[in-house]
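Trainee: Below are the sequence and a predicted model for it; my questions follow.
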Amino acid sequence: MTKKLIIAGVEIYPGERKKIEIPVAKLYTDADMSLPIQVIRAKKEGPVVFVSAAVHGDEINGIEIISRLIQENLKLQAGTLILVPMVNVYGVLNQSRYMPDRRDLNRCFPGSKTGSLAGRLAYTFLNSIVAHCDYGIDLHTGAIHRSNLPQIRANLEDAETKRLAEAFAVPVLLNANIRDGSLRGAAVGNGTRVLLYEAGEALRFDELSIQTGVKGVIRVLRALGMIRKRMSKVNIEPFVANRSDWTRANASGFVKEFVSLGSVVEKGDILADINGPLGNHISQIISTRSGIIIGKQNIPLVQEGEAMYHIAYFGGSADDVHEHIEMMQEAIVAIEPAN
């Protein structure tokens with residue numbers, strides 16, 4: 001028999017599709033706040049997967065990815081899919097990364113039923129949704145004024161997690177350590193394997209990141225045997241990075257860049273000039289190792305010590321990674337806005 005699934009007191013039967021509003025703490029205006037989710041169940045038993053977005057409230061690319069997944073009207077052959085477009089509903093409302101209590105929700109897991117506002121929301125999400133799941137895909141972007149190249153971060157030492165990360169079909173996989181208090185850490189502690197998708201910038205829609213995310217989630221569901229949707233063949237073999245570092249500004253000033261996301265850099269390459277307001281040259285940012293830029297600051301103003309370029313280091317050729325990034329970009333057809 002198929003396992004019973006009850007979320008927030010609502011039972012979802014095999015073959016059903018339901019929208020559920022999970023109550024969370026009210027605003028001080030006495031307005032009710034809820035966590036909106038959509039649950040899709042196949043008639044046949046199988047894996048239970050959550051896809052979540054906006055754990056940081058200003059990371060809105062993931063909201064659009066889940067919206068498009070819902071519009072796809074996916075027909076599950078087996079298992080259950082739980083779609084959560086906004087985990088930090090408070091942050092989305094305020095266009096803020098953080099919760100109203102100024103905490104980072106992704107540092108508050110597993111949370112507490114009687115703790116801070118962020119802790120209570122973390123507890124609700126973990127116990128109402130993640131506790132049911134075998135797998136999860138958590139959608140993120142870079143912070144404000146920072147962009148990330150589409151990438152998957154996960155525990156690639158686990159064979160099953162690596163298999164699903166490769167199925168997502170992005171050029172770069174980062175073997176990332178689990179951070180204390182993170183959703184991924186709490187989920188893994190619960191026995192749930194999680195992929196963290198990073199792409200784009202906070203408070204911005206990026207079509208490449210969105211389309212790559214939608215197709216990546218669908219490919220993972222196919223790899224789990226949950227859907228049979230046909231997908232275009234992808235000839236991208238992802239490259240695994242076991243290390244990445246941020247290169248920081250060694251002076252304050254105005255930035256003139258020589259590289260972009262996805263650029264291959266060699267040790268000793270000049271990444272940017274830092275100039276004064278009168279055009280006088282102050283300093284240069286030099287790459288200390290060879291690799292590829294997977295994240296960068298976008299604003300052309302910098303303070304000394306500020307993180308500017310996130311560089312991943314590979315055992316193989318970074319040029320090969322760059323070629324795969326170009327293939328990914330060519331495979332994405334921009335969706336024209338409706339008139």
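Mentor: Yep, it's here.
Trainee: Scan the helices and strands of this structure for the one with the lowest mean pLDDT.
Mentor: Within the chain, no helix or strand scores below helix 318-331, which has a mean of 64 by mean pLDDT, DSSP states H and E.
Trainee: Would you mind listing the outside residues contacting stretch 65-74?
Mentor: 38, 40, 51, 53, 81, 83-85, 139, 210, 213-214, 217-218, 221, 227, 229 (C-beta atoms under 8 Å, 6 or more residues apart in numbering). Backbone N, C-alpha and C define where each C-beta goes, glycine included.
Trainee: In strands, which of these appear?
Mentor: Residues of these located in strands (DSSP state E): Q38, I40, V51, A53, L81, L83, V84, L139.
Trainee: Now for these: which two are most distant?
Mentor: Greatest spacing in the ones in strands among the contacts of stretch 65-74, by C-beta to C-beta: I40 and L139 (17.2 Å).
Trainee: Mind checking which of those two has more residues around it?
Mentor: Neighbours were tallied for I40 and for L139 using other C-beta atoms under 10 Å; the higher tally belongs to L139 (31 against 22).
Trainee: in the stretch 101-250 of the chain, which ranges drop under the pLDDT threshold?
Mentor: For the stretch 101-250 of the chain, the stretches flagged by pLDDT under 70 are 232-236.
Trainee: hang on, the earlier thing: let's see the PyMOL selection covering just the buried ones among the contacts of stretch 65-74.
Mentor: Applying 16 or more other C-beta atoms under 10 Å to the contacts of stretch 65-74, the buried members can be selected in PyMOL as follows:
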select buried, resi 38+40+51+53+81+83+84+85+139+210+213+214+217+218+221+227
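Trainee: Which residue ranges of the stretch 151-300 of the chain form helices?
Mentor: 159-168, 183-189, 207-223 (DSSP state H, counting those that start in this stretch).
Trainee: Would you map out the domains in the chain?
Mentor: Segmentation of the chain into domains, based on automatic domain parsing, reads 5-223, 243-331.
Trainee: Out of these, which one sits most buried?
Mentor: domain 5-223 (a mean of 20; mean count of other C-beta atoms under 10 Å).
Trainee: Export the helices of the stretch 151-300 of the chain as CSV, with columns for distance to A143.
Mentor: Shown next, in CSV, are these (distance: least, C-beta to C-beta, whole Å):
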stretch, distance to A143
helix 159-168, 22
helix 183-189, 17
helix 207-223, 14
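Trainee: Which one of those helices lies nearest to R103?
Mentor: Distance to R103, taken as C-beta to C-beta, is lowest for helix 183-189 among those, at 13.6 Å.
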